[in-house]
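[1] Predicted structure and sequence below. I'll ask about it afterward.
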Amino acid sequence: MTQLPSGRRLVKGLFFTLTVCLSGFASCACGQAFPIKPIRIISPYSPGGGNDVIARAVAVQLSQKLGQPVLVENKPGANTLIGADYVARQPADGYTIILLPTQHVYNSALYDKMPYDPIEDFTPITLVGSAPLLLVAHEAAPFKNLKELIQYAKKRPANDLTFSTAGVGSSGHLAGALLGQVTGLQFQHVAYKGAAPAANALFSHEVMMSISPPSTLLPFARAGKIIAIGMTGNIRSQAAPDIPTITEQGLSDYDAGLWYGFLGPAKMPHDVVMKLNSAITSVINGKDMKEVFAKQGLDAYSSTPDEFAKLMARDLKRWVPVVKAAGMKPQ
């Protein structure tokens, strides 16, 4: 005669069976190919700026690649701190990522207290592009190239030559500070609230020079309304191959530019990171996306997550001393 299980053993059996089923369901759900729901790209700037334009252009095609909606959400403020802090606190599942510029790594030198660690609290996904900045002078300046600029500056009092940028701690500010340190000259920085006001100050001769992304200044240089002194990168820009770099004009240890890259919260799963890396790389290598980037003065290119991580670590080590030596503080 078959012995029926006791009530306690029956309950245990049912519990075991239910556990196995639920575990199998969880494994099935977790094993589903990423992504299974919409992805958010955080842009830490206001709508309409270069970061926002790039994020939205990538989002459209990334959605097609991944088969899920990719939405852009703006969280501007505090030199990217607000948006970056928000992402650092999100689940590390790949559904919230952020597009950040070089500013991300040297903010730690600008601010006495940071709500996060720019390296440890993020997962690098891929770079998407880089841009040198453009150093220009107004059309009446008594110099046309870097050599003439240095010669002229040496004859003038310290801080007599002014240059405008998009603000304290901006990439243009860092580029100008590095130029002063490398040449041993002192230039007077004048901060404005954005690249457009900084350019207007140049046009009205409020300042003698300006350093900003090529997308802002290049059209005016092309029209002969301002003087293009040189690009701040160590190789010529694809957007303006006719303009020499500051490096090739004699400052071999000068390199100041701007990169953009996607990051997520710390400890994202490797397979999710690589899925995003592959999809974003495919998007930015497309011809139409390269054209979008070129209009922003960017040279589109991708990287592995490890290459991006090494670049961030290098730039953190490289720019923090420049920021501190220049005494930069956020306004």
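    Sure thing, it's come through. Values in this document were obtained by computation on a predicted structure and should not be read as measured data.
[2] Backbone torsions only: list them for the closest residue to Leu133 other than its chain neighbours.
    Once flanking residues are discounted, Leu133 sits nearest to Thr232: 4.4 Å by C-beta to C-beta, 6 or more residues apart in numbering. Backbone N, C-alpha and C define where each C-beta goes, glycine included. Note on Thr232: backbone dihedrals following degrees, to the nearest 10 are phi -90, psi -10.
[3] So what touches the helix or strand that Arg318 is a member of?
    Following DSSP states H and E, one finds Arg318 within helix 305-326. Applying C-beta atoms under 8 Å, 6 or more residues apart in numbering, the contact partners of helix 305-326 are 102, 104-106, 108-110, 118-119, 123-127, 169, 173-174, 177-178, 180-181, 259, 261, 273-274, 277, 303.
[4] Can you pull the phi/psi pair for Gly176?
    Gly176 adopts backbone torsions of phi -70, psi -40, taken as degrees, to the nearest 10.
[5] what do you get for Pro132?
    The phi/psi pair for Pro132 (degrees, to the nearest 10) is phi -70, psi 160.
[6] and what of Lys225?
    With angles defined as degrees, to the nearest 10, Lys225 sits at phi -90, psi -20.
[7] Quick check: the gap between it and Ala92.
    Distance of Lys225 to Ala92, given as C-beta to C-beta, to the nearest Å: 48 Å.
[8] ok, those two, which is more surrounded?
    Legend: neighbour count by other C-beta atoms under 10 Å for Lys225 and Ala92, higher for Ala92 (17 against 14).
[9] ok now do that one, which residues does it touch?
    Shown in contact with Ala92 (C-beta under 8 Å, 6+ apart): 123, 264-269.
[10] Let's see that with 6 Å instead.
    Going by C-beta atoms under 6 Å, 6 or more residues apart in numbering, Ala92 touches 265, 267-268.
[11] what's the answer for Leu217, then?
    Contacts here follow C-beta under 6 Å, 6+ apart; on that basis Leu217 touches 134, 136.
[12] Name the next helix or strand downstream of the host helix or strand of it, please.
    Assigned by DSSP H and E, Leu217 falls within helix 214-222. As assigned by DSSP H and E, the chain's next helix or strand after helix 214-222 is strand 226-231.
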